[in-house]
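Novice: Model the structure of this input:
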Amino acid sequence: MNLKNTFFSTTALFLLLLFSACSDDDDTNNTTEIGIENNLVAGTWRISKFIDSGQDETNDFNGFTFTFEESGVLSATNGTITYEGTWNVGFDDSSDSDDFELTIVFNLTNDFEDLTDDWDFIQQSSSRMELIDRSDDGEPDDLLTFEKN
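Specialist: Reported below is the predicted structural model:
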């Protein structure tokens, strides 16, 4: 009987130590990721700033409304033309960041292909997202700002 009590006590202590040693980071990151995703799918967005390799290319996206769908589809329309791509929010585990990133992919050969990248969040709110793609080849960083319509 004593061996049985020792086994259960040891197992209970092990489980207690295991769960108390687990970090809250995964829960916090998941909650933050869900918050970002919920913000993106709530409403439509427009690009208020796009700087590509030091060149202001914001006007290339004038009149386009961007919709981030829960399914991961990103659509951009100006009422006549609609382009579809994909989006995803994930944890950026690169050596220069430990935050979340927004991945945008448009498989196009027009101005929208310049949006295809892993964008780090600079600042975000329910109505504005400022993003950066840090250059690793000496070129200026790319900047992208979405504002809610």
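
Novice: and the longest strand along the chain, which strands flank it?
Specialist: Among the elements of the chain assigned as strand by DSSP state E, the one spanning the most residues is strand 82-91. Based on DSSP bridges, the pairing partners of strand 82-91 within the sheet are strand 73-77 (antiparallel), strand 100-105 (antiparallel).

Novice: most neighbours per residue, which of those strands?
Specialist: Per residue and on average, the most neighbours among the strands paired with strand 82-91 fall to strand 100-105, with a mean of 20 (mean count of other CB atoms under 10 Å). C-beta coordinates here come from the backbone N, C-alpha and C atoms, glycine included.

Novice: in the next helix or strand after it, what's buried?
Specialist: Following the chain from strand 100-105 toward its C-terminal end, the next helix or strand by DSSP states H and E is strand 117-124. Applying a neighbour-count criterion of 16 or more other CB atoms under 10 Å, the buried positions in strand 117-124 are Asp117, Asp118, Trp119, Asp120, Phe121, Gln124.

Novice: which neighbours does strand 117-124 have in its sheet, and in what orientation?
Specialist: Sheet partners assigned to strand 117-124 using DSSP bridges are listed as strand 100-105 (antiparallel), strand 128-133 (antiparallel).

Novice: Name the helix or strand of the chain that has the lowest mean pLDDT.
Specialist: For the chain, counting by mean pLDDT, DSSP states H and E, helix 2-21 ranks last in confidence among helices and strands (a mean of 46).

Novice: picking that back up, can you list contacts of the longest strand of the chain?
Specialist: 29, 33, 36-37, 40, 68, 72-77, 99-108, 112, 115-116 (CB atoms under 8 Å, 6 or more residues apart in numbering).
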